[in-house]
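1. give me a model of this one.
(chains A and B)
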Amino acid sequence: MSRTEQPDSQATVATLFAGPGSASNSTSSVSENVGFRFVLDRTVQTLSSNSLPDSGSLSGLLFVPNLSPQDPCNSIISQYIPSNVTRHKDVTDYGYPIIGLAPWVTPECTQSFLSASREVNAEALVFFQPSSNDSGIPPPHSDQRWDLHDGDQWRKQNDYPIYAIPGPAGVTLMNELAWFSDGKPNQSSSDNDTSTDTSRKETSQRLFTMLDTETSSSQQPSLWNFVLAILGTIVGLSLVLVVFYRFLQRRRRQILIQRIEAGQVDVERLAMSVLRAPRELVDKLPIYTYTGEAPIVVPVTPKEEIKEEVQTSVTEVNGTPSLSNSPSSSPSSSSSISPPNSTRKVTGIRRPEPAVINPVTNEPAPSTNQHWDLQTSCAICLDEFMVGSSQLRELPCGHVFDPPCIDQYLIEQSSQCPLCKKSVLPVGSLQIPVTNALVRQEHAARNQE
Amino acid sequence: MGSQKRIAKELAELVESPPAGISVELVDESNLYEWKVHMEGPEGSPYQGGDFILKLSLPTEYPFKPPTVSFATKIYHPNVTNDEKGSMCLGMLRADEWKPSSKINAVLQFARQLLAEPMPDDAIEGRIAEQYRNDRVRYDEVAREWTRKHAIPK
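-> Here you go, the predicted model:
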């Protein structure tokens, strides 16, 4: 606590309270020439921190709240409060905040001081227990000594911070407050102040109090805030990264889908699994009637053209017309007419193509592949194709098979041709879900190449 | 079942016109899926003169699934496991390599060709493969010895 002289000829005395955690002797706002300095280092206990400013520090002129004259406490506390102590009226004129100082004697009197401080809008209220000789930090706010038998309502009702200081310090301050008031100065002054006696008489002097509440209770939240801030940053960054990564993965999947659809990726090799052909797709593969020679094999539909074509081929093959209704398994080819069921052995040697590729209809040949005249039997069941009666399923690669054999194979085993392993799936058909794993495999596969 | 028809057909063809050095028969006349194959060691190979017995098993899904071939006779060869199973490592018999259009005839001929020309790069017995590559004389000796011991009827 210190006395100081302010430039406006009004001397102010500062009291410095330092909360636990920081000594404030050197606090710059207290000028060095103060006449009285009283520091409580780490011995200020916070009883309530309502409306504590964010800065954590309070300052103001110290005063003792007035109780109403009828209050029975007046007689109880009179022994702890000098008659000429600094009162509310002594500190209101300076434009500083005010901080109350009061003895904690009985619950009733404490309530009276609390309400008195409330009425005058004190910035804070400081209690001391005059009966206590302990100069250490008062007990924490949860101690039963601070129990006012109202279920701690008092902490909530009073919208200002409340502190407790050690009893001896409170008594000292109380005496100093008697000095620095407009009342009659107490002549028994403390011996270290004699040099400022004159200034004290000429100017009004008050105790100026600073409460620095960088206490452990305020350090705790700040540490937590720090941790929370770090955690929040980490979580936030993670979220951003996750969102970004998701976006990236989606983009990569889309690119891969585009590349698959463009036929740039061998899906089957990539997925390392055997793809099967869907039944609908297999059903759409063309079926022809086997006639023994490639160009003569004609599509089952349309029928009119078949007849013309078959007739052409019939004349071509020496004309031994034995037209018969083929016992076709395919309903769509019910009336297909077979070419001469000649005894001619189909040799599997590629013959020169007879010039009968749809000369009548001027249509492109039904099949332009070179496997026709090489295949005389189904590679799956090894059954010979019967000229004129066998229905053949032709795959996109041009290989032909018995429809029951190849259909079962394509649907149940693999979508690849049993002879050349070319897939019957259309280029770019997505038979497998494009997953992130697939994207990675594709990437790895490309890196290897 | 389509597979039986095809197997019967292949069996008939193989019995009727067997490929060189190969003869086939059913282990049990009522079971088309288990075959017993006699294979003569190819001339010019250390297996020459041996009569190797192979077991050929066909899955019911044949020809969609490949057959399996194993040596019942012990043989010293990089591509045949050196144990009681005598499993044979044939590329064309791997599930992903197999084509239904492949025939047993081709499988057996391929197996016999493997006796004449082992494929050390696809070896199942790495030690024998190494010997085959680096010490052909010793390999020939051992193979011939094994052939005499296990594959030539006394």
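2. ok, and the closest non-adjacent residue to the residue nearest to the spatial centre of chain B?
-> In chain B, the residue lying closest to the centroid (C-alpha atoms, centre = their mean) is residue B:111, at 4.3 Å. Leaving out its chain neighbours, the residue that sits closest to residue B:111 by C-beta to C-beta, 6 or more residues apart in numbering or on different chains is residue B:69, at 5.9 Å. C-beta here means a position set from N, CA and C on the backbone, and glycine is covered the same way.
3. likewise residue B:28?
-> Distances taken as C-beta to C-beta, 6+ apart put residue B:34 closest to residue B:28, at 6.4 Å, once the chain neighbours are dropped.
4. wasn't that neighbour part of a strand?
-> Yes: looking at residue B:34 with DSSP: H, G, I helix; E, B strand; the rest coil, it is inside a strand.
5. any idea how far chain A is from it?
-> 20 Å (C-beta to the nearest C-beta, to the nearest Å).
6. next up, the contacts around that residue.
-> B:26-28, B:55-58 (C-beta atoms under 8 Å, 6 or more residues apart in numbering or on different chains).
7. looking at those residues, state which has the most neighbours.
-> residue B:58 (23 neighbours; other C-beta atoms under 10 Å in any protein chain shown).
8. C-alpha coordinates for the one helix or strand residue A:442 maps to, CSV please?
-> Per DSSP states H and E: residue A:442 is located in helix A:436-448. Output of helix A:436-448 as CSV, limited to C-alpha atoms (Å, rounded to 0.1, in the frame of the first residue of the first chain):
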residue,chain,number,x,y,z
ASN,A,436,-10.9,-46.0,-53.8
ALA,A,437,-9.0,-49.3,-53.6
LEU,A,438,-9.6,-49.7,-57.3
VAL,A,439,-8.3,-46.2,-57.9
ARG,A,440,-5.1,-47.1,-56.0
GLN,A,441,-4.7,-50.3,-57.9
GLU,A,442,-5.1,-48.6,-61.2
HIS,A,443,-2.6,-46.0,-60.1
ALA,A,444,-0.1,-48.6,-59.1
ALA,A,445,-0.7,-50.6,-62.3
ARG,A,446,0.0,-47.5,-64.3
ASN,A,447,3.2,-46.7,-62.3
GLN,A,448,4.4,-50.2,-63.1
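9. so what's the residue nearest to residue B:111 bridging to?
-> residue B:56 (DSSP bridges).
10. what's the weakest-modelled helix or strand in chain B?
-> helix B:2-16 (a mean of 84; mean pLDDT, DSSP states H and E).
11. wait, what's in contact with the residue of chain B found nearest chain A?
-> Nearest residue of chain B to chain A (C-beta to the nearest C-beta) works out as residue B:101 at 3.4 Å. If a contact means C-beta under 8 Å, 6+ apart, then residue B:101 has A:379-380, A:418-419, B:63 as its contacts.
12. which strand or helix spans the nearest residue to it once chain neighbours are set aside?
-> In space, and not counting its chain neighbours, residue B:101 is closest to residue A:379: 3.4 Å by C-beta to C-beta, 6+ apart. Assigned by DSSP H and E, residue A:379 falls within no helix or strand.
13. residues in contact with residue A:379?
-> A:399, A:401, A:418-419, B:100-101.
14. now, among those residues, which is nearest to residue A:388?
-> The closest of these to residue A:388 turns out to be residue A:401 (C-beta to C-beta; 17.6 Å).
15. check contacts around the closest one.
-> For residue A:401, counting by C-beta under 8 Å, 6+ apart, the contacting residues are A:378-380, A:392-393, A:395, A:409, A:418.
16. okay, residue A:335: pLDDT?
-> Looking at residue A:335, its pLDDT is 40.
17. again but with residue B:115, I slipped
-> pLDDT at residue B:115 comes out at 90.
18. which SS class is it?
-> From three-state DSSP, the assignment for residue B:115 is helix.
19. coming back round to it: pull out the buried residues from the helix holding residue A:442.
-> A:438-439, A:441-442 (16 or more other C-beta atoms under 10 Å in any protein chain shown).
20. then stretch A:101-118?
-> Quick answer for stretch A:101-118 (16+ other C-beta under 10 Å): A:101-105, A:109-118.
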